[in-house]
Structure formats: structure tokens, C-alpha cells
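Provided below for reference: sequence and predicted model.
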Amino acid sequence: MSTTLRESLARGIQSAAVPDLDLAALIEVGEHRLRRRRLVGVLGSVAAVVVVLALALSAALNSPVRRGQQPVDHPRPTPDRAVAQPVRKVVYNDTSLFRHTAGAVHYGDRLVATSDAFIHLDVTDDGFVYTTRGGRVWFSNGGTTIQIGTACGFAPNRQISTMSSRLVMTANAGSQVAWFDCRARPGARPDLVVFDTGSSREVARREVPCRYFCTLVGLTVDQVYFDGGYYRGHPRAEHRLDVSTGRLVTTTPRLRATDIRSHPRGVVVGDSWQSGTATDGIGVEFRAEGSRLSPVRVAYGPDLAGGSVFDTGTKGLVQLRLPEGYRSRSDLRFTLFEWLDDDTVALVGGGLGNGLQDILTCRLSDGSCVVAVPGDDMHDRRTVPNMDLPG
Amino acid sequence: MAIRSQGDIADFSDLVAARSPALFRTAYAVVGDHQLAQDLLQEALAKAYVAWPRLRDTAKAEAYVRRTIVTTGISWWRRPSFHERPAAVLPEAGGSDATEQVTTRDAVWPLVCNLPPRQRTALVLRYYEDLSEAETADLMGCSVGTVKSQVSAALGKLREGVSDRSEVLFPDEAVTR
């Protein structure tokens, strides 16, 4: 008798006894899997939240790099505008640089005697810094004066002289002062040293790649700009030391300008905020036009007659005015030499042979100026900080 | 405390009571081993319990379990451990005459159990469950062409295994549904 394949399959399959399933155990297995699935879901959600938070935190910490809108070399702007800044005192000297005798520095309402004839004068938030012949760098808080280092100058003897320039420098804000030190490797490349006058300690020291000898170009917050040791007729930012990280990188004047624009205590001089020349403000020269002070020149820059000044802290237009009743002259000029705070600058009037050495303090926000220190025709030159050596 | 509601548990219990014999036979047909078939059915039912709210009615639940049996059975076959089972005693060599075994009408099933799992599954679903090629393909998660080739290969092996005295009538391979 023949059979179909289906019948043969059915006989084979149905020959297996059907087992009795433990329904309760089956349901328990199902419930266990449901509970495990829920637990996995909860843990997964928690893990996802942790990952999202971690990514958000990482993005926040690295945001300047992630945005990619600024050059790699660009130092991270510091929101120092929101932090209360100490008010610097007006610093000046009425002793001729060429007398080669000990002098005295006016520090606010104090007069501080210097140990030797100084050839350089700068200011920090904590006091003033000066350099004497032989390269000795001194700091005074108005009461105590200490030597904080020894700077060196150009080859062949690397001695700082009265003709040396831009070898010791401070920033417009903060406590840092920078200089070059040749003592570690005589005859070799110098070290760039950064000293903090607030904590009275050296905060950075790096050997710098200078062919003959570098000169300082400028300091901003935690950044020291200097050139490569080639004479170009004017300071040109080619290297930058990041004091906070110790990194030494190459840079450009444009990047330095971007850095200046990101901090208070700088100005943009030109037709507009966008197209103007960014500068730390030191050396910007104003000419009296009636009661107004109009910018005419930026240190090492072109003539800017007819241009405007914008504050990097507010991006606002700055329109300085001479004090009420000030005896103005058509050839009267003032040069910005010190930032007292984010909104106040000090300007010194005249020049050699001019006879007018008045120091004005001016508020950028409203343009008002007052005579802080009247000039004295008995002195042939009033020395103020932050200017190129000598003085 | 159970996560599923009492109503869901009652419906699931009804499915197990009513359809587990048929589902077990499908599992047995797929894996060809009684113990494995029992494990396979329990696994498929446990998956159905977890997915129960999506299954809604009994017909869908049974189809879901059947599909789970087929796909899970095939996946088990792919595991290396499925082919290597520990044995306390090695099997004796030799045995009865295979030709003698396939002379009877009941001797087809051992040949079916020796088929590769996909061929066996396709054969069982087509000629035991009486599904169409399209339904078989859907259940196995493959194309109709694959079903055809698997069934053809399975029938060829069965024909080779049976003797001329076989009483089994094989289907005409040219006739398809």
C-alpha cells in the first residue's frame, strides 16, 4: 500500500509525544524577561543622559576650538572686562635720562628714589618696573624696591644701554613683565622671562628662536609677542609665548591685532571698527583741534589724520576733549602712555622743546579729560612708562 | 507582581493550552529532536509573552509563535555549539542496514531528520503544514526561489535515500501552488 509524502511526514512528526508545558514556569520566564527589559531601558536612559551631559560639558570646555571661528594661534579671550580691575596710578619721572644719576619716580602721590639712573620705565597693577644700566630690572610697589631680574640686549656684548629699546615690557593690565635673559646660555639663544609682580615670582621662562636678538612687540593677558630678531623698521609680531600653557608658537601681526580686539585696554584707529588699525593704544598721538583731541598717528603706523578712535572694550567711538579752559595751541599734541583702568587713559603733552608736559587723564566713555599732573617747563623731558626705551 | 495584566495572562494561557501540540510538532519538524523541540517551543512562547500586547488576537499570536519557531530553530542550527554536543559515551560503530530501513513507509522520517535544517524546514512547511511557497518563504524569511531550491534539494535527497521498494509517493516537482 502506497503513502504520500505528507502522510509519511505526519507519521514521523506525530510519533513524537507532545510534552506537558509548565505554564506557570513559562509565564515566570516571560515576566523575568520583561523586568530585565525594563531595567535595561532605564539603565540605557541613564547612560544616554550621562553621555549627553559629558558631551555638553566637553563642548563647553573646548568651545573656542570647536567653533573654529578663530585662528588656531589665537589666544583665548579672557572675560576680564567683567572682573573688577585695579586702578593703576599715574607713573612718571622728571629726571633727565641722560644725567646718569639716581633719580626719582612719581608713583601716584609718592616719590620713589631709584638706585641708579634708569633707562626704562614701565608699570603694572602692583607698582612700577624700571631698568638700570647693566640690565638690572627693578620693581617697586611704592614702598619697597627689589631687583627682579637681569635683562640682556643685542649682540655682540648683549649689554642694555641707553640706546636699547623694547627689551623690557609690561602689559596694559595685570602684573606681568617680560624681558630677555642671556645668563643661562651665554653666547647662545636667550630666554624669554615673564615675571609676575603680584606674586613676586617668575611664571614663565622659554628659550626663544632669535637669529641675532629678539625685541618685544607687546603683551596682552598671558600672551607675550616678540619678533624673530630681524630688523624690519618696526616691531612685528612673529612669535608668541602663551604664559598660561608655556607654549611658544609662531604668530602674525594680524593675529595679535585680533587678540587686542578681544580685550579691553586697546583701541582701533581708522575709519571704522572693522577696517581700523588695532593697537594697544600706547603711543597713539592726538592733536588738539580746538577743544577736541583728534588721532593723528599710531606708534610705528601711518598718519591717521581724519580717522576715528574706537574702544576695544565697548567698540564705542572715543571723542576726547581738552579740559575746560585748557590753554590750547594749534601744534599741541598728546600721546597715550598708560591705561589706568578699562575706561581711563593717561596722556602726556608736548615733546622735547615743546615746554608743555601736562599729563591728562581721560575717560573713553564720555571723552572728558582732566589735568592730572601739570607740566613743568624746568625739565627738558618728562619720562613716562610704556614708551620705547629710553623711557 | 506581574507586569502583564491578568487578562493578557489568561489569553496567553488559552493559546498555550489550545495550540501548543500543533506548535510543538512544528518545532519537532524543524529541529528533528524531541528535547530540542520542547526547548524551542518554550523559547518561542516566552518571546510571544513579552510581545503579547502587540499580537492582539490569537491567530496573530499563533503565527508569531510559528514564525519564531522557524527562525529561532534555524538560528540555533547556525551556532557551533548546536553541532557539538558533549557525550559521555561514544556511539558504537556500525548499525542496521539503512536500505532495509527505508523499505517501509515509516522510514522516511529518519531521512528527513538528516536533511540540513533549511531543507527540512522548507519540506515540512510545504508538505506537512501545507503552506504555499510564498507562505513558506515569508515564514522562513527568504525568497520564494530559495524555498523552491531548498525543497527541490530535499526531495532529491529523499529520493536517493529510499529504495526501489519504497511505498512513498513523492509529489510531482513540476506541480507547484
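Yes, it's here. Not measured: the values here are computed from a predicted model.

what helices or strands is the strand or helix carrying residue B:43 leaning on?
Assigning secondary structure by DSSP states H and E places residue B:43 in helix B:34-50. Packing partners of helix B:34-50 (3 or more CB pairs under 8 Å, 6 or more residues apart in numbering or on different chains; DSSP states H and E): helix A:23-61, helix B:6-31, helix B:58-78. All C-beta spots, glycine's among them, are computed from the backbone N, C-alpha and C.

Show me what secondary structure element comes after the least confident helix or strand in chain B by mean pLDDT.
Every helix and strand of chain B was ranked by mean pLDDT, DSSP states H and E. The lowest is helix B:98-101, at a mean of 43. As assigned by DSSP H and E, the chain's next helix or strand after helix B:98-101 is helix B:108-113.

so what does the helix or strand following that following helix touch, helix or strand wise?
Tracing the chain C-terminally past helix B:108-113 and defining elements by DSSP H and E, one meets helix B:117-127 next. Counting contacts by 3+ CB pairs under 8 Å, 6+ apart, helix B:117-127 is packed against helix A:5-14, helix B:6-31, helix B:58-78, helix B:108-113, helix B:133-140, helix B:144-161.

Between the ones you listed, which one is closest to residue A:153.
Ranking the helices and strands packed on helix B:117-127 by proximity to residue A:153 (CB to CB) places helix B:58-78 first, at 81.7 Å.

And the contacts of that closest one?
Residues from elsewhere that reach helix B:58-78 (CB atoms under 8 Å, 6 or more residues apart in numbering or on different chains): B:11-12, B:14-15, B:18-19, B:23, B:26-27, B:30-31, B:36, B:40-41, B:43-45, B:47-48, B:51-52, B:55, B:82, B:117-118, B:121, B:125, B:139-141.

center of chain B - which residue?
In chain B, the residue lying closest to the centroid (CA atoms, centre = their mean) is residue B:30, at 2.0 Å.

wait, doesn't it sit right on residue B:124?
Yes - if you go by CB atoms under 8 Å, residue B:30 and residue B:124 touch, sitting 6.8 Å apart.

Return the residues in contact with the residue in the stretch 1-150 of chain A positioned nearest to chain B.
The nearest approach of the stretch 1-150 of chain A to chain B comes at residue A:12, 2.6 Å away (CB to the nearest CB). By CB under 8 Å, 6+ apart, residue A:12 lies in contact with B:106, B:108-110, B:112-113.

at 7 Å instead, please
Residues counted as contacts of residue A:12 (CB atoms under 7 Å, 6 or more residues apart in numbering or on different chains) are B:108-109, B:112.

which one is residue 146 nearest to, not counting chain neighbours?
All of this refers to chain A. Take residue A:146 and drop its neighbours on the chain: the residue closest to it by CB to CB, 6 or more residues apart in numbering or on different chains is residue A:139, 5.8 Å away.

nope, chain B
Distances taken as CB to CB, 6+ apart place residue B:137 nearest to residue B:146, at 6.8 Å, with adjacent residues excluded.

Leaving out the residues flanking it, which one is nearest to residue B:157?
The shortest distance from residue B:157 to any non-neighbouring residue, by CB to CB, 6+ apart, is to residue B:115 (6.2 Å).

Can you pull up the residues of chain A that come close to chain B?
Chain A has residues A:1-6, A:8-14, A:16, A:18-19, A:21, A:23, A:26-27, A:29-31, A:33-35 near chain B, with proximity defined as CB under 7 Å from any CB of the partner chain.

Compute the distance between whichever residue of chain B sits closest to chain A and residue A:180, please.
Relative to chain A, the nearest point of chain B is residue B:109 (2.6 Å; CB to the nearest CB). Shown here: residue B:109 relative to residue A:180, a distance of 98 Å by CB to CB, to the nearest Å.

can you check residue A:123 too?
Residue A:123 is 20 Å from residue A:180, where distance means CB to CB.

which SS state does the residue nearest to residue A:210 when sequence neighbours are not counted fall under?
Using CB to CB, 6+ apart and skipping the chain neighbours, the partner closest in space to residue A:210 is residue A:229 (3.8 Å). With DSSP: H, G, I helix; E, B strand; the rest coil as the basis, residue A:229 sits in coil.

Quickly list the domain ranges of chain B.
Following automatic domain parsing, one gets these domains for chain B: B:6-82, B:98-161.

I'd like the ones you listed as a markdown table, with distance to residue A:254 appended.
Output for the domains of chain B, formatted as a markdown table (distance: least, CB to CB, whole Å):
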| stretch | distance to residue A:254 |
| --- | --- |
| domain B:6-82 | 64 |
| domain B:98-161 | 64 |
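
for these, which one sits closest to residue A:267?
domain B:6-82 (70.7 Å).

what's the spacing between the closest one and its chain's center?
Centroid separation for domain B:6-82 versus its chain: 11 Å, with CA atoms, centre = their mean, to the nearest Å.

now do stretch A:135-148
For stretch A:135-148, the separation from the chain centroid amounts to 23 Å (computed by CA atoms, centre = their mean).

Then stretch A:225-232?
Relative to its chain's centre, stretch A:225-232 lies at 19 Å (CA atoms, centre = their mean).

same deal with stretch A:246-263?
Here stretch A:246-263 is found 8 Å from its chain centre; the criterion is CA atoms, centre = their mean.

now stretch B:124-132
That offset, for stretch B:124-132, works out to 10 Å (CA atoms, centre = their mean).

Could you list the buried residues of that stretch?
Of the residues in stretch B:124-132, B:124-129, B:131 count as buried by neighbour count, 16 or more other CB atoms under 10 Å in any protein chain shown.

do the same with stretch A:240-254
Residues of stretch A:240-254 classed as buried: A:240-243, A:248, A:251, A:253 (neighbour count, 16+ other CB under 10 Å).

May I have the residues that are in contact with the residue lying closest to residue B:135 once chain neighbours are set aside?
Spatially, and ignoring its direct neighbours in sequence, residue B:135 is nearest to residue B:125 (7.6 Å; CB to CB, 6+ apart). Residues near residue B:125 by CB under 7 Å, 6+ apart: B:131, B:136, B:139.

Wasn't the first one part of a strand?
What it means is residue B:131. No - checked against three-state DSSP, residue B:131 lies outside a strand; its state is coil.

do you know how far the residue lying closest to it once chain neighbours are set aside is from residue B:38?
Spatial nearest neighbour of residue B:131, excluding adjacent residues (CB to CB, 6+ apart): residue B:125 at 4.9 Å. Per CB to CB, residue B:125 is found 20 Å from residue B:38.
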